[in-house]
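Trainee: Got a predicted structure plus its sequence, pasted below:
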Amino acid sequence: MEKLRVKNFGAIGEGFKNNNGFVEIAKITLFLGEQGSGKSTITKLLSTFLWLEKALVRGDFIEEELTYEVFISKYLAWQSIDSYIQDNSEIEFIGTKYNFLLKEKTFIVKKLENSVLYQRPKISYISSERNLCSSIPRAEKISGLLHNLTLTVEDFQDASEHIDSIELPVVNFSYRYDKKTKRKYISANNGKEIQLYEAASGIQSLTPLFLISEYYSNPKLQFSNAEISALSSEQKSHVRELVDSWQKKSNFETEGLSEFACLVLNAAGITNIRGIKERTENQTSSQLEDIICGIVNSCFVNIVEEPEQNLYPNSQKAVMESLVKSTQKNGNRLIFTTHSPYVLGTVNNCLYAGNLMKKGFDVSDIVEKQHQLISEDVRAYFITDGKMISAFDSELEQINHDLIDGCSREINEVYEKLSDVEFSK
């Protein structure tokens, strides 16, 4: 499990006081707090370190090239958070294969000596400005956007090219993409179709979030169609060379290749998957799986700012359930910020159901299995006044709802006082 420690950086002051200052990154990790508290700062740092680790494992550069100056002027600046650095800033990230430490104006990168499998992730950062992807036709043609927004636009376009049409996780709405005209359409159950830029703001916010999450969390969408393969020519060649050399090995036992590996091989032009399984019956498929996970993106890290943006409460619930579902594949993770009690309540229901199932209660007719979570799956942190505290109630095995919904209690108290005034005489 990756860990991040932050002190004296932007709005973050003391940071997290427990666990030696480290917040943990689980299957689902969420950050709560008022606007300007530092939630996006944390998610941008996580995005940066996850990408740097991926680039190092991939061999894009070596550890010595990541100096203090380069880290700030290139990578923090890319996220527009380079101005947040202070003389006493401390940032440490412990990943799967690398440890990064910024302290006392130095930046140290250390390779970890372990045998843990590294699953190469596709990292998406779906920014809060994502409505621009939908409200402007051909947004991918716009230059000069903030880097994270540019990536959101590119990921949305990539997903659109691979998903011709799909039902949205809100009642009676669906999405369609016309590859010839490059136009995006929304239709309702009345059959009327409009272009996405004409749709309501909630639909404009939801559509790129949903398509990106669906596409990158599902290997079948990326690798099952050989005509629009997600593999580059270099990756295809690498996979074919790998299979040629790997099949010459012997004296190993195996239970066969996974569905994911077969999809990748098929996308690389190796179509006789059944034959490969038979020939490798006495070889180590796990070795092939490990290497494939280093060649292609084998899991999805979805970083989302405010999934509830512009959405009606029922739609917030539906979107959150779809995001939970997208984490069900091994290795997939969701990191997000939120202000919404409806989003939080939905996650808590998923947790409650999963924990009950773990205790032997079958509640799948109330909360579908694909939406269920257990305590080990979730970490939640509340940020205020530069400090971070755990928002997870270990006794209830749920997120502390009052941290984000205390305002409802205050509103109700004011209403009751007004009511007392009216009816006291």
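Mentor: Thanks, I have the structure now.
Trainee: okay, and for the chain, where does confidence drop off?
Mentor: Counting by pLDDT under 70, the chain has low-confidence residues at 224-230, 246-256, 271-288, 290, 294, 425.
Trainee: What ranges does it have for its helices?
Mentor: 39-58, 68-70, 77-78, 131-135, 147-162, 201-217, 219-223, 233-246, 259-267, 273-279, 285-295, 313-325, 341-358, 402-423 (DSSP state H).
Trainee: Give me whichever of those is most buried.
Mentor: Of all the helices of the chain, helix 201-217 carries the top mean neighbour count, a mean of 24, counting by mean count of other CB atoms under 10 Å. C-betas here are computed from N, CA, C, even on glycine.
Trainee: Any figure for the gap between the closest residue to Glu34 other than its chain neighbours and Phe336?
Mentor: Closest residue in space to Glu34, ignoring its immediate chain neighbours: Thr384 at 7.0 Å, by CB to CB, 6 or more residues apart in numbering. According to CB to CB, to the nearest Å, Thr384 and Phe336 sit 18 Å apart.
Trainee: just Lys27 next, same as before
Mentor: Taking CB to CB, one finds Lys27 at 12 Å from Phe336.
Trainee: now Glu214
Mentor: In terms of CB to CB, Glu214 sits 16 Å off from Phe336.
Trainee: One more: Val324?
Mentor: 11 Å.
Trainee: ok, now how distant is Arg183 from Arg176?
Mentor: 9 Å.
Trainee: And for Ser213?
Mentor: Noted for Ser213: a distance of 18 Å to Arg176, by CB to CB.
Trainee: do the same with Ile303
Mentor: For Ile303, the distance to Arg176 - CB to CB - is 27 Å.
Trainee: Looking only at neighbour counts, state which of the two leads.
Mentor: Ile303 (22 against 16; other CB atoms under 10 Å).
Trainee: what sits against the more buried one?
Mentor: By CB atoms under 8 Å, 6 or more residues apart in numbering, the contact list for Ile303 reads 43, 46-47, 123-126, 335-336.
Trainee: That one pairs with what?
Mentor: Tyr125, Ile335 (DSSP bridges).
Trainee: I figured Ser298 hits Phe260, correct?
Mentor: Yes - the criterion here is CB atoms under 8 Å, and Ser298 meets it with Phe260 at 6.5 Å.
Trainee: Show me the common contact partners of the two, please.
Mentor: 219, 292.
Trainee: Tell me how many other residues crowd the closest residue to Gln157 other than its chain neighbours.
Mentor: Spatial nearest neighbour of Gln157, chain neighbours left out: Glu140 (4.7 Å); criterion: CB to CB, 6+ apart. Other residues within reach of Glu140, judged by other CB under 10 Å, total 15.
Trainee: Spatially central residue in this protein, please.
Mentor: Nearest to the mean C-alpha position of the chain, by CA atoms, centre = their mean, lies Asn302 at 1.2 Å.
Trainee: ok, now which ones touch the closest residue to Tyr177 other than its chain neighbours?
Mentor: Spatial nearest neighbour of Tyr177, chain neighbours left out: Ser160 (4.4 Å); criterion: CB to CB, 6+ apart. Applying CB under 8 Å, 6+ apart, we find Ser160 in contact with 177, 184, 211.
Trainee: tell me which of those is nearest to Asn99?
Mentor: Leu211 (34.9 Å; CB to CB).
Trainee: Verify the stated contact: the closest one with Ala159.
Mentor: Yes - applying CB under 8 Å, one finds Leu211 in contact with Ala159, separated by 4.2 Å.
Trainee: Tell me how far Tyr118 lies from Lys54.
Mentor: 9 Å.
Trainee: Ignore what I typed, I meant Val109.
Mentor: 13 Å.
Trainee: For Asn332, grab phi and psi.
Mentor: Main-chain dihedrals, Asn332, degrees, to the nearest 10: phi -70, psi 140.
Trainee: Give me the spatial nearest neighbour of it, chain neighbours excluded.
Mentor: Phe300 (4.7 Å).
Trainee: same question, Ser298
Mentor: Gln119 (4.9 Å).
Trainee: now do Ser174
Mentor: Glu167 is the one closest to Ser174 (CB to CB, 6+ apart), at 4.8 Å.
Trainee: Could you double-check that that neighbour lies in contact with Ile186?
Mentor: No - counting by CB under 8 Å, Glu167 stays clear of Ile186, with 11.3 Å between them.
Trainee: count of neighbours near the residue nearest to Glu34?
Mentor: 14.
Trainee: got a list of what it touches?
Mentor: Shown in contact with Thr384 (CB under 8 Å, 6+ apart): 33-34, 37.
Trainee: For the buried ones among those residues, write the corresponding PyMOL selection.
Mentor: Here is the PyMOL command that picks out the buried ones among the contacts of Thr384, judged by 16 or more other CB atoms under 10 Å:
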select buried, resi 33+37
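Trainee: need the contacts of Thr384 in TSV with distance to Arg130, can you?
Mentor: Formatted as TSV, these follow (distance: CB to CB, whole Å):
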residue	distance to Arg130
Gly33	20
Glu34	21
Ser37	21
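Trainee: Give the burial count for Glu198, as a bare number.
Mentor: Around Glu198 there are 14 residues (other CB under 10 Å).
Trainee: For it, which non-adjacent residue is closest in space?
Mentor: Once flanking residues are discounted, Glu198 sits nearest to Ile186: 7.9 Å by CB to CB, 6+ apart.
Trainee: cool, and Leu76?
Mentor: For Leu76, the spatially nearest residue (CB to CB, 6+ apart) is Asp82, at 4.1 Å.
Trainee: Next: Cys350.
Mentor: Leu373 is the one closest to Cys350 (CB to CB, 6+ apart), at 4.5 Å.
Trainee: The one you found and Ile28 touch, don't they?
Mentor: Yes - contact criterion CB under 8 Å: Leu373 and Ile28 qualify, at 6.6 Å.
Trainee: For those two, list the residues in contact with both.
Mentor: Joint contacts of Leu373 and Ile28 (CB under 8 Å, 6+ apart) are 324, 347.
Trainee: so how far is Phe9 from the residue nearest to Leu76?
Mentor: Distance from Asp82 to Phe9, by CB to CB: 11 Å.
Trainee: okay, those two: which has more neighbours?
Mentor: Taking neighbours as other CB under 10 Å, Asp82 and Phe9 compare with Phe9 leading, 23 against 14.
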